[in-house]
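In: sequence plus predicted model, see below.
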Amino acid sequence: MTAITPVVLCGGSGTRLWPISRKSFPKQFVPLVGNKSLLQLTLERVAPLGTQVLCVAADEHRFLVAQTMQTSHVSGTVLLEPVARNTAAAMAIAALTAQPADLLLFCPADHHIPDAPTFVQRVKDGVAAAQQGTIVTFGITPTFPSTAYGYILQGGVRGDGAFDIQGFTEKPPLEQAQALLLTGAALWNAGIFLCTAHALLSALEQHAPDILQSCTQAIAASTKDGHFLRPETTAFEACRAESIDYAVMEHHAQVAVLPFASAWSDVGSWNAVANLAPADSHGNRLHGQGFAVDAHHTYVYAPHRPVVALGTHNLLIIDTPDAVLVAADTHTEQVKQVVALLESTGVTQSAHHRKVARPWGTYDSVDRGERYQVKRITVHPGGQLSLQMHHHRAEHWVVVKGTALVTRGTEELLLTENQSTYIPVGVRHRLSNPGKTDLELIEVQSGNYLGEDDIVRLEDTYGRS
């Protein structure tokens, strides 16, 4: 089989799925399908195509991507964008790290394609065209006249088995979407591309030379940190932000499309998420601890506690530990505007979860009051917090599960379940998990200032000191 390098684009913010998807923890990392995230499902789907995967992600999500790659049993490189510059720049920096003849499969991290074997075979069907210098895109056979998707107009069949492209239509109004479906030649634009690195870079040179120049400079001065590759910040920040569709695809001559007639969703709205769950006889769709009583066409997302919909119609109810969304199913496209409103008024839940991911695990701020804060801390096996100190707070640690290796000043303590320790203000300390299962402990902070910026890192395994 011809080797293909999957390039997974992980940079989306997913604000249309607030409150579970937020800037600090966007939808591609959320376990939306069973107990797996969309990124994990994507990595597992593309793994049969190539042994090395390249992920393009925001720097702040680097450890989330690395952990998901480990969970998915794939290896490769994480290319870190200093700032978001849309898909043209993300694809350009990926292509610049490859050899000219390398076949690259670009795909979003946050799409759901249940039939992975059919998808893999369809990608293989595009190899012949891609090897001849064509940029091959994959169009989804539409099942309804969506106004949320762009469309590709399919032309005649080519000698290599792909189809010519007659044109593109971006998110049409309903009447136009209906007319497009009636032509029988319209496909949803999935934003998935197969091409050689040379073909993409040549197209960028022709249609978006400024983007290519900025990305070339950024990669030329990039730095490597383990499996993280960091483009130079100043050059990348200077890059124009534009999608690959506007920058290249709508203008380039050597493009083709392969129809993909299988289930697909970009999971781009709460209606799309609801459709992933089976409906009961009244059209209700329930996730987790959701209940529906005398309700119709109601979706309840309740992974943490019981949530009851009583006598509701056509509603979406999304519950998280620190924010709740109740929306009419006709208004899901306005969730992005809600997030902007919350952000403008200083509501921290617009971008941040109560539970925060860290390279060593997570912490969940379960309670807070004047001069105290309580966190539930989870440290993965082999995980280690930085050697640190605080100027304003003391900490009490109580182990509830697993084994903790604690550095406290010049001491080292090994604590097991139901044992505890105290870290006074100003004392250097570190927490590690030497065991083979997750370490869970309760941390009680007390002091006159409890902000996260009262951390003086003295040493750090993950390069954050």
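Out: Cool, the structure landed.
In: list the strands paired with the helix or strand of the chain at the bottom of the mean pLDDT ranking, with their directions.
Out: Here the helix or strand of the chain ranked lowest by mean pLDDT, DSSP states H and E is strand 355-358, holding a mean of 89. Strand 355-358 sits in its sheet next to strand 361-369 (antiparallel), going by DSSP bridges.
In: centre of the chain to the partner strand, how far?
Out: 23 Å (Cα atoms, centre = their mean, to the nearest Å).
In: show residues contacting that strand.
Out: Outside strand 361-369, the residues that touch it by Cβ atoms under 8 Å, 6 or more residues apart in numbering are 321, 354-356, 373-380, 383, 433, 438-439, 443, 450. Where you see a C-beta, it was placed from the backbone N, CA and C, and this is true even at glycine.
In: just the buried ones from these?
Out: Buried residues within the contacts of strand 361-369, counting neighbours by 16 or more other Cβ atoms under 10 Å: 321, 354-355, 373, 375-380, 383, 433, 439, 443, 450.
In: that older thread, in strands, which of the contacts of strand 361-369 appear?
Out: Of the contacts of strand 361-369, the ones assigned to strands by DSSP state E are 355, 356, 373, 374, 375, 376, 377, 378, 379, 439, 443.
In: check those residues and tell me the two furthest apart.
Out: For these, the maximum inter-member distance is 19.6 Å, found between 373 and 439 (Cβ to Cβ).
In: roughly how far out does the least confident helix or strand of the chain sit from the chain middle?
Out: For strand 355-358 - counting by Cα atoms, centre = their mean - the centre lies 15 Å from the chain centre.
In: closest to residue 105 out of the buried ones among the contacts of strand 361-369?
Out: Ranked by distance to residue 105 (Cβ to Cβ), these are led by residue 380 at 30.2 Å.
In: do you know how far the nearest residue to the closest one once chain neighbours are set aside is from residue 400?
Out: Once flanking residues are discounted, residue 380 sits nearest to residue 361: 4.8 Å by Cβ to Cβ, 6 or more residues apart in numbering. From residue 361 across to residue 400, the span is 14 Å (Cβ to Cβ, to the nearest Å).
In: cool, residue 406 as well?
Out: Distance from residue 406 to residue 400, by Cβ to Cβ: 15 Å.
In: and the two? Which one has more around it.
Out: Shown here are residue 406 and residue 400; by other Cβ atoms under 10 Å, residue 406 has more neighbours (20 against 12).
In: list the contacts of that one.
Out: 397, 412, 413, 414, 415, 421, 429, 430, 431, 432.
In: and what of residue 61?
Out: 10, 26, 29.
In: my read: the first one touches residue 37, true?
Out: No - between residue 10 and residue 37 there is no contact, the gap being 10.7 Å when judged by Cβ atoms under 8 Å.
In: joint contacts of these two?
Out: With contacts defined as Cβ under 8 Å, 6+ apart, the residues shared by residue 10 and residue 37 are residue 28.
In: which residue of the two possesses the greater neighbour count?
Out: Set side by side, residue 10 and residue 37 show more neighbours around residue 10, with 27 against 22, by other Cβ under 10 Å.
In: tell me the contacts of that one?
Out: Neighbours of residue 10 in contact, by Cβ under 8 Å, 6+ apart: 28, 39, 55, 56, 57, 58, 61, 65, 109.
In: try 7 Å this time
Out: 28, 39, 55, 56, 57, 61, 65, 109 (Cβ atoms under 7 Å, 6 or more residues apart in numbering).
In: same question for residue 325.
Out: Here residue 325 is in contact with 18, 19, 318 (Cβ under 7 Å, 6+ apart).
In: got a markdown table for the residues you listed, with neighbour count, secondary structure and pLDDT too?
Out: Formatted as a markdown table, these follow (neighbours: other Cβ atoms under 10 Å; DSSP: H, G, I helix; E, B strand; the rest coil; pLDDT from 0 to 100):
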| residue | neighbour count | secondary structure | pLDDT |
| --- | --- | --- | --- |
| 18 | 25 | coil | 96 |
| 19 | 21 | coil | 96 |
| 318 | 24 | strand | 97 |
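In: let me have these in JSON lines, extended by distance to residue 263.
Out: Output for these, formatted as JSON lines (distance: Cβ to Cβ, whole Å):
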{"residue": "18", "distance to residue 263": "25"}
{"residue": "19", "distance to residue 263": "27"}
{"residue": "318", "distance to residue 263": "23"}
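In: relative to residue 95, which of the residues you listed is nearest.
Out: residue 18 (32.4 Å).
In: now do the helices in the stretch 151-300 of the chain.
Out: Counting by DSSP state H, counting those that start in this stretch, the stretch 151-300 of the chain has these helices, from start to end: 174-183, 197-207, 209-220, 233-237, 244, 270-274.
In: excluding its backbone neighbours, what's nearest residue 177?
Out: Closest to residue 177 by Cβ to Cβ, 6+ apart is residue 145, at 3.7 Å.
In: residue 84 too?
Out: residue 11 is the one closest to residue 84 (Cβ to Cβ, 6+ apart), at 5.7 Å.
In: any idea of the pLDDT on that neighbour?
Out: Residue 11 carries a pLDDT score of 86 in this model.
In: could you report the neighbour count for it?
Out: Considering only other Cβ under 10 Å, residue 11 is surrounded by 22 other residues.
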